[in-house]
Structure formats: structure tokens, C-alpha cells
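1. sequence below, structure please.
(chains A and B, ligands or ions: 2)
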There are 2 protein chains.
Amino acid sequence: MNLRLGNLLSPFRIIVFSYIAAMFLFSLLLYLPVSAQPGVNVSYTEALFTSVSAVSVTGLTVVNVSETYSAAGVFFLAAAIQLGGIGVMTLGTFVWMVLGRKIPLSQRMLIMVDQNQIAFSGLVSLMRGILLVALMIEIIGALVLGTYFLSYFDTAFEAYYQGAFGALSAFTNAGFDVTGESLIPFADDYFVQLVNILLIFAGAIGFPVLMELKAYFASKDRSFRFSLFTKVTTATYFIVFAIGVIGLWIFEKNAYYEGFSWHKQLFFSLFNSATARSGGLATMDVSQLTLASLLFLSALMIIGASPSSVGGGIRTTTLAVMFLTIKSFAMGRRDVKVFGREIHEEDRQKAFIVLSAFVVGLFLAIILVSAFEHSSELELMAIIFEVSSAFGTCGLSMGITSSLTLPSKITLMMLMLIGRVGLVAFLFSIRGKEKQSRYKYPTERIIIG
Amino acid sequence: MNLRLGNLLSPFRIIVFSYIAAMFLFSLLLYLPVSAQPGVNVSYTEALFTSVSAVSVTGLTVVNVSETYSAAGVFFLAAAIQLGGIGVMTLGTFVWMVLGRKIPLSQRMLIMVDQNQIAFSGLVSLMRGILLVALMIEIIGALVLGTYFLSYFDTAFEAYYQGAFGALSAFTNAGFDVTGESLIPFADDYFVQLVNILLIFAGAIGFPVLMELKAYFASKDRSFRFSLFTKVTTATYFIVFAIGVIGLWIFEKNAYYEGFSWHKQLFFSLFNSATARSGGLATMDVSQLTLASLLFLSALMIIGASPSSVGGGIRTTTLAVMFLTIKSFAMGRRDVKVFGREIHEEDRQKAFIVLSAFVVGLFLAIILVSAFEHSSELELMAIIFEVSSAFGTCGLSMGITSSLTLPSKITLMMLMLIGRVGLVAFLFSIRGKEKQSRYKYPTERIIIG
Ligand SMILES: [K+]
Ligand SMILES: [K+]
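-> Numbers count the residues shown, from 1 in each chain, chains lettered A, B, ... in the order given. Ligands and ions are numbered 1, 2, ... in the order given. Below you'll find the predicted structure:
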């Protein structure tokens, strides 16, 4: 192993260490007595778990935020969410930028890697664009929700406070709440739900898609062409969303939905399908759903959102490449085509790696937590749900997180970190520089499957 | 779609249809009144399930074989197992061979495909070799077990009958039993367990490995080189076996194993690790194990045995390629090397397809069965276990199979069929001839993970 500094500080390692550093920093801030409500004692484990959950924009909690944290605590939490959502590196570089320093190439590379971009070009303007779009969406969301909340809350301050935190939490797909019970109070308010769904979409669809949409509407000539990435990820995102809505309705129409009006059934399905794809907000107690729905939601949480978004999971493009590869193979083709383009062999291999590592990690985590919780005899479904939620940085919960043992909580924190960094970046952070093999071995075929 | 006969009758389709035909044929034979014990009524669903389970050498049962089937029924069952284990096509061609007819190339291709072989050469001698080795192992196993059983059973006939069926069931990894309670009566007889473990190994390690071992011992010069396939599959098979033994011991030492002697703990671990990899025989009621062990056993059943063996699962080589690819990626290498050879890019792609299709199929099946069994409120663990067992053609059971609803039973039958045929062959059977693309699209990179 080469231990020179240049190797140790590969861009991916810096990103992973930045996330870890941010998680520990905010754990200390959230552990400060001033962060807690008067009379509430926050243990360091609780502070660390909350911080990891916030920086990874997951939203799993071991405490009730509104009952536990003071105004200062909520402010730290919001800062951690904003930092995690927009990306530690992106924000750091933004600070660099506004300080007026020229960004060196090595720094640009960091952002490229964090937002998972492939092309170097226009990086600085891309950064600025991301931040502007993100802040604009959050501010509009805060104003819309805050104004609407005037009829819900006693004071204008409380309404806009709830609106601002809600918009931040929805757009960054963080899934935290200061209402004390997520969006359950709005279970019959379809306007609030629609705004939240749109904010979740905006965060989860991926920054490159937002930037291309902006470019599309800004460009005057009609020759603007969306990238293959935007087409694949958007199509996959909404196809899975639609399957989610239909699936949940089928599994619940004779169960939890029994006796509900059609629009209530529709909105529970819409909201749960949207929120499972990394949002983490809830309009109902999900543990009331059938076993099939809970498994289905776990699958949606594992699939997750777009790459280069605030969401997690194996990501849409991995799922798309999986299905396209199976389809090509079943049709007797060697190449994988979609939208008039061919998927690069290296991207297929990355998808294989992400899927393999995710499946192995998920299985290991479920078995480990089952072993750690042996004495508490938790239901397997709750364990699978919580692990999927952590690894997919979703934050939906069947309510067992706070009662887990410490080793299980550590497992969930590890999953949230890796889930937020992304498996490709995480594996990249382990490795040194790409090695060109100095010698080649002969290739020999083996039997597969 | 081209509907000419040549296309419809692609080798892979013939194989899939042969398995299906064999399953229906034996379902009729097992449905005959003469097959049942006097006074026992076998429903057609039970006969079909038993037949599918036997031809796919899975071993899941909805009836107790020894209490349900007459001597004729057991004979049909044994025939179905033998046919499934050695391969419908292999046996068919053997018949062809002994009838003295020259085997046309198109027939040879069928066997190649069924046993998943890549090289054409020496196919007929390979066939003969497979059959001879298989029969020899079964006969030796039957003689050893039968002779040993003389002290267990009242008559020599019963002892050798039990020995012959036991050896057949163990070597083909069928997992059926005529004792009425699998190998539970031999829970303290380590000799019987060892013989069974060795027979399970012999069947699950793959016919190419057995043939190479035979060639190795037959060859006089010391330059004999084992193929990459044999090295990879054997190493993976036994590494996973060892991990299985250790894992089960860790998960059970303070639970089910509590108070057992060290050798009893060792043999429960050895046997369960071996039998989960497609064997399906049991020396204990597995539903007594902890949640962690049951999940771990499910993982072992999903991993399964070698390709071109009597076992199922994603197979050892898929697992090996998964881990080798992750390792290469994490180490910054593009090529995947092992044992001084390079894994072919196409084999890596096949591994990706097998993993993707298996994960999707497994998840779908678990959700479907959960939905079908909604009213019966079965435990999720039992559903996951039974589905993994069917898809991996393992046959271990937590005892719920017979109480499942018809749609769930049909789901399990489909899984057993696809699991036995293998995902690569199954997908090949869908497709027509390999199509050379007439045009190429430009390649465009996307963001993965
Ligand atoms: K989230
Ligand atoms: K079996």
C-alpha cells in the first residue's frame, strides 16, 4: 500500500472524511445543553444518531425532535440537513467561491465527484446554479407552506417556522419534522401533501436534471437535447413512482384503505409511493399497513432516488441498467440500448457493483441487527424496514429505532453514512489511484448461473 | 417475431419444455390411485407439487411421502428425482446412445446447454462419464448406508430400501425422505450424517469438477491442470460452507445449542451448512433456530451450489464473480483476476444478469406470497425461508408449505422450475436466436450509484 499523502487524500476519501467530520461536529452541537429543551437530557448516542441521520438526510430518529430540541437545537439540525442535502463539498466550495478565490482544479474535482458528475466543463457555474435553484425552491416552498399554515397555527411566526422547516425537510428529502408527528396532522389536507410531494420530487430527481430543465427553458433554440442520464433517470423515477402507487393501492384496498373515500385512498398511495423514494415524511403510521405493503415499501426505499440528488438507495439508473441488461439478454442482444443511445460497458459494470454491494450490505445488516436484537424478539418485518430505510437514507420507520440496542444503532449509522456517500464513491474512497495492470493474465471462461 | 420451427425449438426452449413435460407426466403418475397408500386420497395439486418438487430436485413437500405414497408411488418419485438430478436431456441422450444411434450435432448441443458446458469436445464421452460416475456414487452410497442401516431396521429389505432412497436423495440433493421425518432420527448418528454430507457435496460440487477429478486421478503425467471453473467453484463452495458452519455456531451457541456437547454443536452446524446449499435434508426442526440463523440459512440457500450440478441458487461462480468484481473495483483495477486467469467480460455480465434476475424474482415472490397469505397471517420469516428454499431448489422448510394457499403454491412451483433450469438458461429460452445488431447507436455515459 502506498501511503503518500497524495494517495491518502484522494477526492473520494476527502468526501467520506468530510461527511464523517460533519457528523461528529453536529453531534457535539446537538449534545450541547443549549440545544436541548429545558429539563431534557440528551445522551451522546442520541445526539450522534440524530446528527448522522441529519447529515445523511435520512430522517430516522431516536428522539422526538420538537419535544427534545430547543430553538438552537433545531437550528443546528436544520444546518446539518442543509449541509448534508446540498453536499458537504458543494457548500464548502461555495464558501470558497464567495470568498473570491479562484477554484483550483483539484477542488473542482472534489465537487465533480461529490455530485457524481462526469464532465469537468462549466463546473463553477454548475455549482452556483445548483445552489441558486436549491435555495429558490426551498424559499418558494417555505413561503407557500408558511402562508398556508397561517390558518393552522396561532402565530405567523409558528406558521412560517413550520413552513420553512417543512420545505427544507421535504426538498432535501430529510424527513425530519418539528410538528412532533411528521405530516400525520395533514392526512386529510391534500394541498399540503401535494406541495410536499412536489418538493420531494424536486430534491430526488437529481440536480443535473434540474439544471438541464433550467437550461431547456432558458435556451431559445429548439435544438436543446436532454442528456441520456436525464431521460433514463426521469423515466425510471416516475415509472417506479406509478408502480408504487398502484401496488400500494392493490395491497391495501381491502385492508387499511377499507372504507376510505377514493381520494383518501389515492392520496395515501401517492404520498407513500413518493415518500418511500427517500422522502421519509409520513401521513400515517406505516406499521398499520399489510406485510405485502411493508415489503413493497422496503423495495421502494432500496430503489431510492436519482444519482446526484438528495436521495439514496441503489438509485434509478442502477435499476434501469439492471432491467435493460436483462431485457437485452433475453432478446439475444449483446449491447444495451435505450433512447437511441447505448449504455457504456463501464456503467453496466458499475451498476453490477452497486447492486452486488447493496445486496450484500443489506443482507449482512439485517442478519446482524436480528442477532443483536435476539433478546428483544423484534419482528423481522420491522428490522428489514428499518435497515432498508437507513441504507436507502429514506427515514420512514415502523417505530423501533429508539428501542434498538447500541450495536444495532451503530449498524444503522454506518448504513446511513454509506447510503449517503453512495456505494460507488464509498468503494472509490477505499481504493488508491487507478492502477494500470502491468501484466495481463490469459482469459478463461467459466460457467455462470 | 420469427415463428419458424427452428426458432421455436431452440435448445434452451426444448430443455425448459422437457422439464415442464416431465413435471406434468410425473404429476399424473403420482396422481394414479396405485401410487397412493390404501385409504389415502392425493389431490391433483398435491401430486403436481410433489412432481415439480421432485423433477426440480427441490424437496419441498405438501404431503408426508412415507405416509402418502405406496411402493409404486415411491418408485415414481425416485424416478422423477433421478431424471431431474441427472438432467432430462442427459438421460434422454443416454437412451439414444444405448439404442446405438449416432448422436446428431443438434442433440449434442442440447446436452451442452443443459449441463451448461461451453466446449463441444468429448461430449459423448462426457455424457457417459457423468452417468457412470453418478450411478457409481449412488450405488456406493446405497450399499454403505443400507449395510449400516441393518442395525436400525427390522428387515434387510427395509434397510437397503432406506439406504438406496437416502443415497439417491442425498446425491441428487433432492432432500426427499421415506423415513417420515427426514434425517431427524439420525440427529446423534454422526456416521450417517457424514455419509450424507459427502453425498450432498458430490452432487452439489458439479459434474465438470467430478469429471476433472476423475481425469486427474486417471492421468499419469503430472502436468494435469484443473480448469479455472473447477478452481473457482470448488474454492467458493467450501469457503461458503466454512462460513456457514462458523456463522450458525455463533448465532446458536447461546440459543438452540445451549447445553449441547461440542460435537453435537459441531455436527448441527456442519450438517445445516451443507444441507442449506441445496441438499434439503434435515437433522433437526430448523424452525427452532434463531431469526439470525434462519436469515443466514436463507442466504446460504440463495447462494446454492455449483453450476452444472444437481443444486440450485445463484450458484457459486456468480457469487465469486460478484465479490471479485467488487474487490477489483475497490482496488482500482479494471480487470478481474483470480488464480492467475482473467474473468471474461461476458461471464461478468452473465453474473450481473443472474444476480439481478434472482433478486427481482425473490423479492417479487416474497411480496406475492405475503399478499396471498394475508388472511393467514404467516410469519414473514417463514415466507422468506420457504421462497428462498424453492428458488434455490433446496427444500429445507419451516413447515408452512402444506398450509399455503393455491396461488402461493403455484408461485413456489414456478420458482422451483426456474431455479432448476437456471436463470441464464431460462432467459435464453425466452429469446430467439442471437441477433447481430444491424446498426449501432452512439454510446453515452450516465451516472450510476
Ligand atoms: K430521507
Ligand atoms: K434440494
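2. I'd say A:Val387 and A:Met414 touch.
-> No: taking CB atoms under 8 Å as the contact criterion, A:Val387 and A:Met414 are not neighbours in contact, 10.9 Å apart. For the C-beta atoms, the positions are set from N, CA and C on the backbone; glycine is no exception.
3. looking at those two, which is more packed in?
-> Legend: neighbour count by other CB atoms under 10 Å in any protein chain shown for A:Val387 and A:Met414, higher for A:Val387 (27 against 16).
4. list the contacts for the more buried one?
-> A:Leu362, A:Ala365, A:Ile366, A:Val369, A:Thr411, A:Leu412, A:Leu415 (CB atoms under 8 Å, 6 or more residues apart in numbering or on different chains).
5. rerun that using 10 Å as the cut-off
-> Going by CB atoms under 10 Å, 6 or more residues apart in numbering or on different chains, A:Val387 touches A:298, A:301-302, A:361-370, A:408, A:411-412, A:415.
6. and the residues you listed, which of them are buried?
-> For those, burial is judged from neighbour counts taken by 16 or more other CB atoms under 10 Å in any protein chain shown, and it is met by A:298, A:301-302, A:361-363, A:365-370, A:408, A:411-412, A:415.
7. distance of the residue in the stretch 1-150 of chain A that ligand 2 sits nearest to relative to chain B?
-> Nearest to ligand 2 in the stretch 1-150 of chain A, going by CB to the ion, is A:Leu60, at a distance of 39.3 Å. Taking CB to the nearest CB, to the nearest Å as the criterion, A:Leu60 is separated from chain B by 21 Å.
8. surely that residue and A:Ser408 touch.
-> No: using CB atoms under 10 Å, A:Leu60 makes no contact with A:Ser408, being 11.7 Å away.
9. shared neighbours of these two, anything?
-> Residues within reach of A:Leu60 and of A:Ser408 at once, by CB under 10 Å, 6+ apart, are A:Glu386, A:Thr401.
10. residue ranges with poor pLDDT in chain A?
-> Within chain A, the stretches with pLDDT under 70 are A:1-12, A:88-126, A:221-222, A:431-440, A:445, A:449.
11. ok, now how distant is A:Phe224 from A:Leu213?
-> 10 Å (CB to CB, to the nearest Å).
12. A:Phe24 contacts A:Met413, doesn't it?
-> No: under the contact definition of CB under 10 Å, A:Phe24 does not touch A:Met413, with a separation of 11.3 Å.
13. doesn't A:Gly313 lie inside a strand?
-> No: for A:Gly313, which was evaluated using DSSP: H, G, I helix; E, B strand; the rest coil, the result is coil, with no strand membership.
14. tell me if I'm right that it and A:Gly280 touch.
-> No: with contacts defined as CB under 10 Å, A:Gly313 does not count as touching A:Gly280, sitting 12.0 Å away.
15. which neighbours do the two share?
-> Common neighbours of A:Gly313 and A:Gly280, counting by CB under 10 Å, 6+ apart, are A:Met301, A:Gly392, A:Thr393, A:Cys394.
16. mind listing what the last one touches?
-> When you say that, I think you mean A:Cys394. Remark: with contacts taken as CB under 10 Å, 6+ apart, A:Cys394 is in contact with A:57-60, A:173, A:175, A:275-280, A:297-298, A:300-302, A:304-305, A:311-313, A:385, A:388, A:419.
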